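Engineer: return a 3D structure for these sequence lines:
(2 chains)
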2 protein chains.
Amino acid sequence: MSKTVRIREVGPRDGFQNEPETIDTYDKVRLIDQLARTGLRRIEVTSFVRPDVIPQLADAAAVLEAVDVPDGVSLSVLVPNERGLERALEHRDRFHEVSVFLSASETHNRKNVNRTIGESLDGLRLVIGRAREAGLRCEAVISTAFGCPYEGVVPPQRVAGIARELVDAGAQEIGFGDTTGMANPRQVRELFPQWREALPEVELTAHFHNTRGQGLANVLAALDAGVESFESSFGELGGCPVPAGATGNVATEDVVSMLEEMGIGTGIDLPALVVATGMVRDVLGRPLGSHVSTAGPVDWTPAPPSA
Amino acid sequence: MSKTVRIREVGPRDGFQNEPETIDTYDKVRLIDQLARTGLRRIEVTSFVRPDVIPQLADAAAVLEAVDVPDGVSLSVLVPNERGLERALEHRDRFHEVSVFLSASETHNRKNVNRTIGESLDGLRLVIGRAREAGLRCEAVISTAFGCPYEGVVPPQRVAGIARELVDAGAQEIGFGDTTGMANPRQVRELFPQWREALPEVELTAHFHNTRGQGLANVLAALDAGVESFESSFGELGGCPVPAGATGNVATEDVVSMLEEMGIGTGIDLPALVVATGMVRDVLGRPLGSHVSTAGPVDWTPAPPSA
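Structural biologist: Next comes the predicted model:
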């Protein structure tokens, strides 16, 4: 098991995108600025998607231009296609990485982006190539990598094959998304070594959701399988709205708490992160799904008992 | 890792005790009767505590007399002391096991039962002896076994020493309680083998809370360490109210979902358990902390997308 891990915070994109009410640009910027001062070194800040489809992220350019993060914090933006990349490249000096995505399930990919997997791959080859030409680091995320709510089992060889095509196109990092929280620790322990063997030259990143409460158990299983890179969302924001009412990504503060308690370094200041989580709770005006945001870090002194 | 595990449902005691509003006896009985038809083989149904201190369980005798469970379901009651045991023994033919408890932290034990650990042990020796004479199986639960919010680290040797005294007094099962959710998977993997070596002749049971979201990760770690017996609470009910706002025991349905997905048999019918959880949500009239109660089992067909 690794002594340190890398964590990419995806809440400002994945989380803010899934809130029913659009968050003010000002609030997004101050939340990102706070996250960037917690020790997080990777933050996915927004996505250049069609504003008429996802109005919650219509201010992508404004957010990118306004955030003020310390040196060494790598900002990434998600782009769905070439048009999105072109819009992002108008702000090329404001970010460092680009993320692209598709689904390993034909049905899920069709419902999500209205393309076949083959059509998505054709488009992403162009996007990845163009992004690399522009000097951007490139991550490709494969959704439903551990199972699909529409198709059930997703063959791991299919996932590996898609990943291979993305790597050959220039992707330097592959994210494996448990989009609807179907992964279990046994599966995680079996699949990552297979994927590592098939993809020895790139970074492999685990992106778990806490839909069925297994998020941290899957993080533990991935650690056991040698994974050193994770994606998570402060406050347990975001995540797929299928099934209805389900919670989101595994919470960054819960991941950091577990890892640091286990002696695995994240480089993240947990109290500062809990402050950021409190800020987003105030902005959203609703309770969060994460646990450490309520309970506090293990070593915080409890309130005196009422007796 | 074991191919099957045993799960004791503690929600009717630990959960109902911690609700601010006392649940109607009728509702308790029908919830227990439903739980007893899910395949659960062990249910902690109530506690004989002082009604003026814990009015939520003042109907302990009525509940014991009214529940109607299939053969093979072992019912247990929690007793704090000799007086509680004597009250329970008036209904001796209605249950099979007794659970006693103390804390491995002097401060926590003092705040919880106003005794030193030594005083608690003196009392529990009498309770365990008397319970065994009455033909009851006896579990002893050690709270704050993985850490104390008041004292911090709790030496594992102290926990083992307390457990040894309880076993010598006649306890056939030792429960290790992560009372305020301070356990982490590394610690769990280290401690259970030590405790197993110190206590080779009795059943060792892991009782985790999900205070910091690590409940299922700790279950996984305990499985890795050879543990085959767990306690959990449907709906994630119960748990220590310190820190304020914290969630409760790890949810039975979340544990069952993870284990069954991993191919580890629990003997529990997950859909039937989710029905029981829905019933208690209706009774309490509030959202639950558990995840599978909202998301449903992995293989449930999702609602059709709205598109």
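Engineer: please name the residues that touch the closest residue to residue A:229 other than its chain neighbours.
Structural biologist: Distance criterion Cβ to Cβ, 6 or more residues apart in numbering or on different chains; nearest residue to residue A:229, sequence neighbours excluded, is residue A:205 at 4.1 Å. Where C-beta positions appear, they are placed from N, C-alpha and C, glycine not excepted. Contacts for residue A:205 (Cβ atoms under 8 Å, 6 or more residues apart in numbering or on different chains) come out as A:8, A:139, A:173, A:174, A:175, A:176, A:227, A:229, A:230, A:231.
Engineer: ok, now with 10 Å
Structural biologist: Neighbouring residues of residue A:205 by Cβ atoms under 10 Å, 6 or more residues apart in numbering or on different chains: A:6-8, A:42, A:99, A:139-141, A:173-177, A:222, A:227-231.
Engineer: again with residue A:83
Structural biologist: Applying Cβ under 10 Å, 6+ apart to residue A:83 gives the contacts A:48, A:49, A:50, A:127.
Engineer: quick check: helices, which of the contacts of residue A:205 are part of them?
Structural biologist: residue A:222 (DSSP state H).
Engineer: in what helix or strand does the residue nearest to residue A:229 lie?
Structural biologist: Assigned by DSSP states H and E, residue A:205 belongs to strand A:203-207.
Engineer: neighbouring strands - and their directions - for that strand?
Structural biologist: The strands beside strand A:203-207 in its sheet (DSSP bridges) come out as strand A:173-177 (parallel), strand A:229-232 (parallel).
Engineer: could you pull up the mean pLDDT of the shortest one?
Structural biologist: Averaged across strand A:229-232, pLDDT comes to 98.
Engineer: same thing with stretch A:123-141?
Structural biologist: Mean predicted confidence for stretch A:123-141 is 98.
Engineer: quick check: buried residues in stretch A:59-68?
Structural biologist: Of the residues in stretch A:59-68, A:59, A:60, A:63, A:64, A:66, A:67 count as buried by neighbour count, 16 or more other Cβ atoms under 10 Å in any protein chain shown.
Engineer: does the fourth one touch residue A:89 like I think?
Structural biologist: When you say that, I think you mean residue A:64. No: assessed by Cβ atoms under 10 Å, residue A:64 is found out of contact with residue A:89, at 11.2 Å.
Engineer: what touches both of these two?
Structural biologist: Jointly contacting residue A:64 and residue A:89 under the rule Cβ under 10 Å, 6+ apart are A:48, A:77, A:95.
Engineer: for the stretch 1-150 of chain A, which segments are assigned as helices?
Structural biologist: A:16-17, A:25-35, A:60-66, A:82-89, A:106-113, A:117-133 (DSSP state H, counting those that start in this stretch).
Engineer: identify the residues contacting the fifth one?
Structural biologist: To tie it back to what came earlier, the one meant is helix A:106-113. So helix A:106-113 is contacted by A:80-81, A:101-103, A:105, A:115-120, A:123, A:143-144, A:148-151, A:154, A:158, A:179-180, A:240, A:242, B:305, B:307 (Cβ under 10 Å, 6+ apart).
Engineer: quick one: contacts for residue A:19?
Structural biologist: With contact taken as Cβ under 10 Å, 6+ apart, residue A:19 is in contact with A:56, A:237, A:238, A:280, A:283, A:284, A:286.
Engineer: over to the last one. Which of the three states is it?
Structural biologist: In this case it means residue A:286. Three-state assignment for residue A:286 (DSSP: H, G, I helix; E, B strand; the rest coil): coil.
Engineer: how far away is it from chain B?
Structural biologist: 11 Å (Cβ to the nearest Cβ, to the nearest Å).
Engineer: number of residues surrounding that residue?
Structural biologist: Residues contacting residue A:286 under the criterion other Cβ atoms under 10 Å in any protein chain shown number 10.
Engineer: that one: what's it in contact with?
Structural biologist: A:19, A:21, A:235.
Engineer: which one of those residues is nearest chain B?
Structural biologist: The shortest gap between chain B and any of the contacts of residue A:286 belongs to residue A:235, at 12.0 Å (Cβ to the nearest Cβ).
Engineer: all the helices of the stretch 151-300 of chain A, residue numbers only.
Structural biologist: Under the criterion DSSP H, counting those that start in this stretch, the stretch 151-300 of chain A contains helices at A:156-168, A:185-198, A:215-224, A:252-261, A:270-284, A:292-295.
Engineer: make TSV out of those and add distance to residue B:163 and mean pLDDT.
Structural biologist: Shown next, in TSV, are those (distance: least, Cβ to Cβ, whole Å; pLDDT from 0 to 100):
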stretch	distance to residue B:163	mean pLDDT
helix A:156-168	43	98
helix A:185-198	28	98
helix A:215-224	26	98
helix A:252-261	23	98
helix A:270-284	32	96
helix A:292-295	27	89
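Engineer: JSON lines for these, including mean neighbour count?
Structural biologist: Below are those laid out as JSON lines (neighbours: other Cβ atoms under 10 Å in any protein chain shown):
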{"stretch": "helix A:156-168", "mean neighbour count": "18"}
{"stretch": "helix A:185-198", "mean neighbour count": "18"}
{"stretch": "helix A:215-224", "mean neighbour count": "28"}
{"stretch": "helix A:252-261", "mean neighbour count": "27"}
{"stretch": "helix A:270-284", "mean neighbour count": "19"}
{"stretch": "helix A:292-295", "mean neighbour count": "26"}
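Engineer: out of those, the one nearest residue B:33 is which?
Structural biologist: Closest to residue B:33 of the helices of the stretch 151-300 of chain A is helix A:215-224 (Cβ to Cβ; 31.0 Å).
Engineer: how far off centre is that closest one?
Structural biologist: On the basis of Cα atoms, centre = their mean, to the nearest Å, helix A:215-224 sits 15 Å off its chain's mean C-alpha point.
Engineer: what helices or strands is that helix leaning on?
Structural biologist: Counting contacts by 3 or more Cβ pairs under 10 Å, 6 or more residues apart in numbering or on different chains; DSSP states H and E, helix A:215-224 packs against helix A:185-198, strand A:203-207, strand A:229-232, helix A:252-261, helix B:185-198, helix B:215-224, helix B:252-261.
Engineer: repeat that with 7 Å
Structural biologist: Helices and strands touching helix A:215-224, by 3 or more Cβ pairs under 7 Å, 6 or more residues apart in numbering or on different chains; DSSP states H and E, are helix A:185-198, helix A:252-261, helix B:215-224.
Engineer: redo the ones you listed as JSON lines? Include distance to residue B:273.
Structural biologist: Below are the helices and strands packed on helix A:215-224 laid out as JSON lines (distance: least, Cβ to Cβ, whole Å):
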{"stretch": "helix A:185-198", "distance to residue B:273": "20"}
{"stretch": "helix A:252-261", "distance to residue B:273": "24"}
{"stretch": "helix B:215-224", "distance to residue B:273": "15"}
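Engineer: ok, which of those helices comes nearest residue B:1?
Structural biologist: With distances scored as Cβ to Cβ, the stretch of these nearest to residue B:1 is helix B:215-224 (5.1 Å).
Engineer: tell me what angle that closest one forms with helix A:185-198.
Structural biologist: If you take axes from the mean of the first three to the mean of the last three Cα atoms, to 10 degrees, helix B:215-224 sits at 80 degrees to helix A:185-198.
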